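Peer 1: sequence first, predicted coordinates after that:
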Amino acid sequence: MVETSKDSCKTSQPRIQIIGVPIDLGASRRGTDGGPSALRVAGLGGQLAALGYQLAIEKDIAVPAMESCGQDQSAMRYKPEILQVCTELAEQTRSALAIGDIPLIIGGDHSIAHGTVAGVACHYQEQKQSIGLLWFDAHGDINTPDISPSGNIHGMPLAHLLGYGDADLANILDFSPKVRPENVVLIGIRDIDAGERELIQRSGITVYTMRDIDERGMAAISREAMQIVCNGTAGFHISFDVDGCDPSVIPGSGTLVPGGVSFREAHLLLEYCADTQKMLSMEVVELNPFLDQGNISAERTISLIKSAFGKRVL
């Protein structure tokens, strides 16, 4: 990312390619399929343009409605449909990077990370480079099908990106793992299933829980996180789950956990991301406008996205 002056970016900036993925198949609670629309209604494209970015024509991934898929109570609910969506998303993300655009993917539940990260990692693998992964979330999202208490695939993407779990989901675009554990950082974690805890400890990824943030402060953690995701990589992808923020900040999500990251702490983390000039792509997930208060969550989420893309006070 190029350093900004006030609220404008240099004209040499790459274009942003916004890709909408209106999906809620990966979650128990309906409504995240409205997330992309909520962000667009709140003015996402116009506010990025006001920062000085050029925008490519926005794209959307076709997603089947749950009602057209029938009931699925398996250990990987709606896997065929999610696999299809994520495979197309991976191709679209890779194509955006190939022409020099910055992919900004707006979801949709967190199952879309299977596709987003696959596309980014594949593009750089073709250049014999790896990527870092910054995962902002209240949850670990590192369940595998055999340990998941719900069968909801939005709780599994990180496991598959690291090469665990279901072979089909782990091998989107025909390679696995997508990221090296030494370049993966989780921030904001405060709700972990028992099976996830064991896998996190075994995987070798770095995790900063809310206790770590309370004790050490977001600035110190952000500096460390940037070193980890940038060490030996082409740059990093941000997978930003809005439930990583405290519910008082982002009430519009179906997976709320009290005691989360404050609005200012989230801004600070994303400002550090922009400062590195090594953010390759970003996705925003789990925004549910049906649970929101006058679209305030979408408006605040756009403010956070702008920090990741270089907005500064001075």
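Peer 2: It's in. Here the structure is a predicted model, which means the values were calculated and not measured. Residues are numbered from 1 along each chain as shown.
Peer 1: nearest to the spatial middle of the chain, which residue is it?
Peer 2: Centroid-nearest residue in the chain: Ser239, 2.1 Å away (criterion: C-alpha atoms, centre = their mean).
Peer 1: dump the residue contacts of it.
Peer 2: His110, Ala113, Thr116, Val117, Leu133, Leu134, Trp135, Phe136, Asp137, Glu283, Val285 (C-beta atoms under 8 Å, 6 or more residues apart in numbering). (Glycine included, C-beta is placed from N, CA and C.)
Peer 1: gap between the fifth one and Pro247?
Peer 2: Taking C-beta to C-beta, to the nearest Å as the criterion, Leu133 is separated from Pro247 by 25 Å.
Peer 1: of these two, who's got more company?
Peer 2: Ranked by neighbour count (other C-beta atoms under 10 Å), Leu133 and Pro247 place Leu133 first, with 28 against 16.
Peer 1: gap between Asp24 and Leu104?
Peer 2: In this view, Asp24 and Leu104 are 20 Å apart by C-beta to C-beta.
Peer 1: what about Arg40, neighbour count?
Peer 2: Arg40 - counted by other C-beta under 10 Å - has 17 other residues nearby.
Peer 1: just to be sure, it is in a strand?
Peer 2: No - going by DSSP: H, G, I helix; E, B strand; the rest coil, the assignment for Arg40 is helix, not a strand.
Peer 1: could I get the contacting residues of it?
Peer 2: Taking C-beta under 8 Å, 6+ apart, one finds Gly20, Glu58 in contact with Arg40.
Peer 1: now it: how far from Ala50?
Peer 2: Taking C-beta to C-beta, one finds Arg40 at 15 Å from Ala50.
Peer 1: name the residues that touch the helix or strand where Ala225 lies?
Peer 2: If you go by DSSP states H and E, Ala225 is part of helix 218-230. With contact meaning C-beta under 8 Å, 6+ apart, helix 218-230 is reached by 132-134, 182-185, 187, 206, 208, 212-213, 236, 261, 265, 268-269, 272-273, 275-276, 278.
Peer 1: tell me the helix or strand right after that helix.
Peer 2: strand 236-241.
Peer 1: how about the strands in the chain?
Peer 2: For the chain, applying DSSP state E gives strands covering 16-21, 59-60, 102-107, 132-136, 184-189, 206-209, 236-241, 279-285.
Peer 1: could you identify the longest helix within this structure?
Peer 2: helix 79-98 (DSSP state H).
Peer 1: run through the stretch 1-150 of the chain and note the low-pLDDT ranges.
Peer 2: Along the stretch 1-150 of the chain, the parts satisfying pLDDT under 70 run over 1-12.
Peer 1: make it 90
Peer 2: For the stretch 1-150 of the chain, applying pLDDT under 90 flags the ranges 1-14, 28, 66-74.
Peer 1: still on that earlier bit, how far away from the center of its chain is the helix holding Ala225?
Peer 2: 17 Å (C-alpha atoms, centre = their mean, to the nearest Å).
Peer 1: over to stretch 66-81?
Peer 2: Stretch 66-81 has its C-alpha centroid displaced from the chain centroid by 22 Å (C-alpha atoms, centre = their mean).
Peer 1: ok, stretch 157-170 next?
Peer 2: The answer for stretch 157-170 is 16 Å, by C-alpha atoms, centre = their mean.
Peer 1: could you do stretch 234-246 as well?
Peer 2: Between the centre of stretch 234-246 and the centre of its chain there are 5 Å (C-alpha atoms, centre = their mean).
Peer 1: stretch 254-263 now?
Peer 2: Centroid separation for stretch 254-263 versus its chain: 16 Å, with C-alpha atoms, centre = their mean.
Peer 1: in it, what's buried?
Peer 2: Going by neighbour count (16 or more other C-beta atoms under 10 Å), the buried part of stretch 254-263 is Gly254, Thr255, Leu256, Val257, Gly260, Val261.
Peer 1: swap in stretch 95-112?
Peer 2: Quick answer for stretch 95-112 (16+ other C-beta under 10 Å): 95-97, 101-112.
Peer 1: and the two most separated of these?
Peer 2: Within the buried residues of stretch 95-112, Asp101 and Asp109 form the most distant pair, 23.9 Å apart (C-beta to C-beta).
Peer 1: pull the CA atoms of the longest helix of the chain into PDB?
Peer 2: Output of helix 79-98 as PDB, limited to C-alpha atoms (Å, rounded to 0.1, in the frame of the first residue of the first chain):
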ATOM      1  CA  LYS A  79     -20.400 -28.500   1.200                       C
ATOM      2  CA  PRO A  80     -21.100 -29.000  -2.500                       C
ATOM      3  CA  GLU A  81     -22.600 -25.500  -2.900                       C
ATOM      4  CA  ILE A  82     -19.900 -23.800  -0.800                       C
ATOM      5  CA  LEU A  83     -17.200 -25.600  -2.700                       C
ATOM      6  CA  GLN A  84     -18.600 -24.400  -6.000                       C
ATOM      7  CA  VAL A  85     -18.900 -20.800  -4.800                       C
ATOM      8  CA  CYS A  86     -15.400 -20.800  -3.300                       C
ATOM      9  CA  THR A  87     -13.800 -22.300  -6.400                       C
ATOM     10  CA  GLU A  88     -15.400 -19.600  -8.500                       C
ATOM     11  CA  LEU A  89     -14.300 -17.000  -6.000                       C
ATOM     12  CA  ALA A  90     -10.800 -18.300  -6.000                       C
ATOM     13  CA  GLU A  91     -10.600 -17.900  -9.800                       C
ATOM     14  CA  GLN A  92     -12.000 -14.400  -9.700                       C
ATOM     15  CA  THR A  93      -9.600 -13.400  -6.900                       C
ATOM     16  CA  ARG A  94      -6.600 -14.800  -8.800                       C
ATOM     17  CA  SER A  95      -7.800 -13.100 -12.000                       C
ATOM     18  CA  ALA A  96      -8.000  -9.700 -10.200                       C
ATOM     19  CA  LEU A  97      -4.500 -10.000  -8.900                       C
ATOM     20  CA  ALA A  98      -3.200 -11.100 -12.300                       C
END
